[in-house]
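Visitor: Sequence plus predicted model, see below.
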Amino acid sequence: MNVEEEEEEEEALEEREIGPEPVEKKENTLESLGYIMSRDRNKRVRELREKKEAKMPTKNERKVAVQQSLEARKEREKQVLEEFSQLLKAKSKSDKK
């Protein structure tokens, strides 16, 4: 072997992926056995998790939502009480006549 051939062989070795050959990867993938995730699958899982987290309201958002709900409920109760008191007044006026 001359120097050029040795350099080419070394470069080829450096470029090769460490681990099983591509044929072996297809037949016996650790990913299919559940031991590892490929970059693509890992990326999809991470994106899905981030999407779910983005949908979750923050602590402040939940607090504001609860506050608005309580205020709306108080307003409805106040309105119902006013209608009930008006109904009682109307009933008492009609009974006095």
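Guide: Arrived safely, thanks for sending.
Visitor: all helices in the protein, in order from the N-terminus.
Guide: Using DSSP state H, the helices of the chain run over 3-15, 22-27, 30-33, 39-55, 59-96.
Visitor: any chance of the ones you listed in CSV, with mean pLDDT and mean neighbour count too?
Guide: Where you see a C-beta, it was placed from the backbone N, CA and C, and this is true even at glycine. Below are those laid out as CSV (pLDDT from 0 to 100; neighbours: other C-beta atoms under 10 Å):
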stretch, mean pLDDT, mean neighbour count
helix 3-15, 64, 9
helix 22-27, 54, 10
helix 30-33, 68, 11
helix 39-55, 85, 10
helix 59-96, 92, 10
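Visitor: How is this structure partitioned into domains?
Guide: If you go by automatic domain parsing, the domain ranges for the chain are 10-56, 58-97.
Visitor: I figured Pro57 hits Val66, correct?
Guide: No. Judged on C-beta atoms under 8 Å, Pro57 makes no contact with Val66 at a distance of 10.4 Å.
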